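Asks: Following is a predicted model, sequence given first.
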Amino acid sequence: MREIKTFVRALVWLSSTSGALFGAPAYELGLGIETNAPALAAEVRHEEGPGLLPADRAYVMAGTNKFAFLVPAGLKLETWNEHLVALVTRDYSSQITMRLAGPLPPEGSDLNPDDYSARLLEEHPGAKIIKTFSAFADSRRGPAYEVEFPGPAGSSRRAEIAFIPSRSAVLEFSLICNPEKFEAARQQLSTVMLTFRGSDASGQLHISPLSDKL
């Protein structure tokens with residue numbers, strides 16, 4: 001039990017230092033730390049009915065903004081603090097997190113991959129970026145990185161971190177897990193991001209149920 005608790009604390013530390021977030025002592029990615037950011041509240045709803053595939057969907061509130069995404073099988077939703085929502089395996093060997101990562105860039109500007117990668121390496125000298133690519137969520141694109149972090153006792157952790165602009169803020173999606181579970185876990189992250197939806201300007205969240213005819 002002690003070993004599991006130690007491992008969980010290590011994962012939480014890695015998550016809290018893997019990207020900028022509002023109201024927490026992590027690096028800023030040039031965005032600044034916002035002390036008045038809305039707290040996140042989350043819940044999971046089981047959805048089923050005639051013509052639908054049974055599914056668990058997470059609903060997240062951040063002030064007047066609403067978000068939703070499917071919860072992949074084998075993961076459970078946890079809110080570790082008021083600014084971080086996590087999907088974790090039963091043994092905590094893998095985690096997917098979502099959080100607010102800072103204000104949007106000037107209108108019409110894309111998120112600069114070089115800025116994010118440079119600050120990631122500056123704040124985490126032991127981290128190694130294996131690959132840089134573009135990621136998508138809710139029809140929006142942002143920079144993403146496959147990263148290797150040093151873990152406790154000489155071990156290593158593999159991560160995939162993506163920064164996606166939403167209607168009102170930059171969102172960070174991150175996966176951190178043991179290297180041997182990375183390929184399977186990144187498929188779960190893909191499910192989260194492909195099914196991710198944010199509310200529109202009027203506060204409405206438009207969700208497409210899973211049809212059993214697909």
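Replies: Ah, there it is. Numbering: from 1, shown residues only.

Asks: Give me the three-state assignment for the residue of the chain most remote from its centre.
Replies: Note on the chain: the largest separation between a C-alpha and the mean C-alpha position, by C-alpha atoms, centre = their mean, falls on P50 (31.5 Å). Of the three states, P50 takes coil under DSSP: H, G, I helix; E, B strand; the rest coil.

Asks: What values do phi and psi take at it?
Replies: Summarising the backbone geometry of P50 under the convention degrees, to the nearest 10, its torsions are phi -60, psi 130.

Asks: From S208, how far off is it?
Replies: Taken as C-beta to C-beta, to the nearest Å, the spacing of P50 relative to S208 amounts to 16 Å. From N, CA and C alone the C-beta is placed, and that goes for glycine too.

Asks: repeat for C177
Replies: Taking C-beta to C-beta as the measure, C177 and S208 are separated by 28 Å.

Asks: Tell me which of the two has more neighbours.
Replies: Set side by side, C177 and S208 show more neighbours around C177, with 25 against 7, by other C-beta atoms under 10 Å.

Asks: residue contacts, that one?
Replies: Under the criterion of C-beta atoms under 8 Å, 6 or more residues apart in numbering, the contact list for C177 reads S93, S94, Q95, R157, R158, A159, A185.

Asks: repeat that with 6 Å
Replies: Shown in contact with C177 (C-beta atoms under 6 Å, 6 or more residues apart in numbering): S94, A185.

Asks: what do you get for the one 5 residues further on?
Replies: The neighbours of F182, taking C-beta under 6 Å, 6+ apart as the test, are R158.

Asks: Pull stretch 79-87 out as PDB, backbone CA atoms only.
Replies: Extracted as PDB, the C-alpha positions of stretch 79-87 are listed here (Å, rounded to 0.1, in the frame of the first residue of the first chain):
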ATOM      1  CA  THR A  79     -10.700  15.700  -9.300                       C
ATOM      2  CA  TRP A  80      -7.400  16.000  -7.600                       C
ATOM      3  CA  ASN A  81      -7.700  19.800  -7.000                       C
ATOM      4  CA  GLU A  82     -10.000  22.600  -8.100                       C
ATOM      5  CA  HIS A  83      -7.900  23.100 -11.300                       C
ATOM      6  CA  LEU A  84      -7.200  19.500 -12.400                       C
ATOM      7  CA  VAL A  85      -9.500  16.700 -13.600                       C
ATOM      8  CA  ALA A  86      -7.900  13.300 -14.100                       C
ATOM      9  CA  LEU A  87      -8.800  10.000 -15.600                       C
END
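
Asks: Output the below-cut-off pLDDT ranges for the protein.
Replies: Per-residue confidence of the chain (counting by pLDDT under 70) places the weak regions at 1-37, 210-214.

Asks: V170 contacts G102, doesn't it?
Replies: Yes - using C-beta atoms under 6 Å, V170 is in contact with G102, at 4.9 Å.

Asks: Which residue comes closest to the residue nearest the centre of the chain once chain neighbours are left out?
Replies: Per C-alpha atoms, centre = their mean, the C-alpha nearest to the average position across the chain is that of F173, at 2.2 Å. With C-beta to C-beta, 6 or more residues apart in numbering as the measure, A162 is the residue that lies nearest to F173, at 4.7 Å, once sequence neighbours are left out.
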